[in-house]
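[1] Make a model of this:
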Amino acid sequence: MSEVKGSLLLEVARLIRANKDRDWTKYLTERDLEIVHSQILPSSWYPLDTYERAELAIFKEIGREKLENARTWGRFAMDDMIKTVYQNLVEEQEPMQTLQRFALFRRQLFKFPDPAFQTIEFKDLGPNHSQVIIRLGHPLKEFEVYSYQSMGMFERLVELAGGKEVRVVTVDHNWDLPIPYAVLDLSWK
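    Residues are numbered from 1 along each chain as shown. Now for the predicted structure:
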């Protein structure tokens, strides 16, 4: 069974709890709702399926199914993760080092039956330039949404590390099942 650390689930649970006026039962199972409304511990493991359904529910209910809103959510989530749990992630004035650190850090947030199941790889293309390859070894219904959220996270991470005028664009992708991937071009000044 694939799992996610509570530090990631906690943020989506807070948002769902704060929006009680929404009908989350359209997207989340009874078990998902029990987990979301329970005490979530940052260092504990939770079902990845619950996390993915909760993320998609937020995209549909709060993000109004707009990809740019998913990107904005990624920026917000990165700020919150750094502020609340992972303060040592950012290396000041070292965006590329910060991205590499993030890749290592991210592996600690997910547990898959096969370690190669989900990867984010940063390739250094020279000063202030990186290629990001995101691969999932499992089907994800809304991989494009996940990719846009990741774009926002990388954008914000580079800014926090001192990068200016950050630009992230998709240069190649396969949003479709069974094995989705995206290749992003990430640059900054």
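[2] C-alpha from now on. contacts and neighbour counts both.
    OK.
[3] Tell me how far the helix or strand hosting R53 lies from the chain's centre.
    Here R53, judged by DSSP states H and E, is contained in helix 48-61. Averaging C-alpha positions (Cα atoms, centre = their mean, to the nearest Å) puts helix 48-61 12 Å from its chain's average.
[4] Ok, stretch 158-166 next?
    Between the centre of stretch 158-166 and the centre of its host chain there is 18 Å, according to Cα atoms, centre = their mean.
[5] What lies in contact with the host helix or strand of S130?
    Using DSSP H and E, S130 sits within strand 129-136. Contacts with strand 129-136, where a contact means Cα atoms under 8 Å, 6 or more residues apart in numbering, come from 96, 117-125, 147, 179-188.
[6] of the residues you listed, buried ones?
    Buried by 16 or more other Cα atoms under 10 Å: 96, 118-124, 147, 180-188, out of those.
[7] F154 belongs to a helix, doesn't it?
    Yes - per DSSP: H, G, I helix; E, B strand; the rest coil, F154 lies within a helix segment.
[8] thinking again about what came up before, just the buried ones among the contacts of strand 129-136: which are in strands?
    Within these, residues falling in strands by DSSP state E are 118-124, 181-187.
[9] Return the helix holding R53 as CSV; C-alpha atoms alone will do.
    C-alpha atoms of helix 48-61 as CSV (Å, rounded to 0.1, in the frame of the first residue of the first chain):
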residue,chain,number,x,y,z
LEU,A,48,-1.9,7.9,-0.4
ASP,A,49,-5.3,7.4,-2.0
THR,A,50,-6.9,9.6,0.7
TYR,A,51,-4.4,12.3,0.1
GLU,A,52,-4.9,12.2,-3.7
ARG,A,53,-8.7,12.3,-3.4
ALA,A,54,-8.5,15.2,-1.0
GLU,A,55,-6.2,17.2,-3.3
LEU,A,56,-8.5,16.6,-6.2
ALA,A,57,-11.5,17.6,-4.1
ILE,A,58,-9.8,20.9,-3.2
PHE,A,59,-9.0,21.5,-6.8
LYS,A,60,-12.6,21.0,-7.8
GLU,A,61,-14.4,22.7,-4.9
